[in-house]
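Participant: take a look and give me a structure for this.
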Amino acid sequence: MKKKCTNKTCQHKGVPQPIENFYIDKSYPDNHSHECTECKRVRQKKWNDKKNKSTNDFFKMILG
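Facilitator: Sure thing, here's the model as predicted:
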């Protein structure tokens, strides 16, 4: 079975990929995420970097 990643910035540009390239997510009808694993990792890394920066800035402000 093949599936397309719905992320607009996906490097695969809408080309169907094997279902193994998608995380299992029971909230979707086909039990797989709408984003491929590569897009999910990139998005999660950006979010973590942003969160870590704001946490670091907060502690720098508090601790001096």
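Participant: so what's the residue positioned nearest the centre of the chain up against?
Facilitator: Most central in the chain under Cα atoms, centre = their mean is Lys40, positioned 1.9 Å from the mean C-alpha point. Neighbouring residues of Lys40 by Cβ atoms under 8 Å, 6 or more residues apart in numbering: 23, 33. Using the backbone N, CA and C atoms, a C-beta is placed for each residue, glycine as well.
Participant: switch the cut-off to 10 Å
Facilitator: Shown in contact with Lys40 (Cβ atoms under 10 Å, 6 or more residues apart in numbering): 5, 7, 22-23, 25, 33-34.
Participant: turn those into TSV, including neighbour count and pLDDT.
Facilitator: Shown next, in TSV, are the contacts of Lys40 (neighbours: other Cβ atoms under 10 Å; pLDDT from 0 to 100):
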residue	neighbour count	pLDDT
Cys5	24	93
Asn7	17	89
Phe22	22	96
Tyr23	12	95
Asp25	13	94
Ser33	19	94
His34	17	93
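Participant: biggest separation within the residues you listed, which pair?
Facilitator: Within those, Asn7 and Asp25 form the most distant pair, 14.3 Å apart (Cβ to Cβ).
Participant: circling back: now name the helix or strand holding the residue nearest to the centre of the chain.
Facilitator: helix 37-63 (DSSP states H and E).
Participant: Glu35 now?
Facilitator: Using DSSP H and E, Glu35 sits within strand 32-36.
Participant: who touches that strand?
Facilitator: Residues outside strand 32-36 that contact it (Cβ under 10 Å, 6+ apart) are 1, 3-7, 10-12, 17-28, 39-44.
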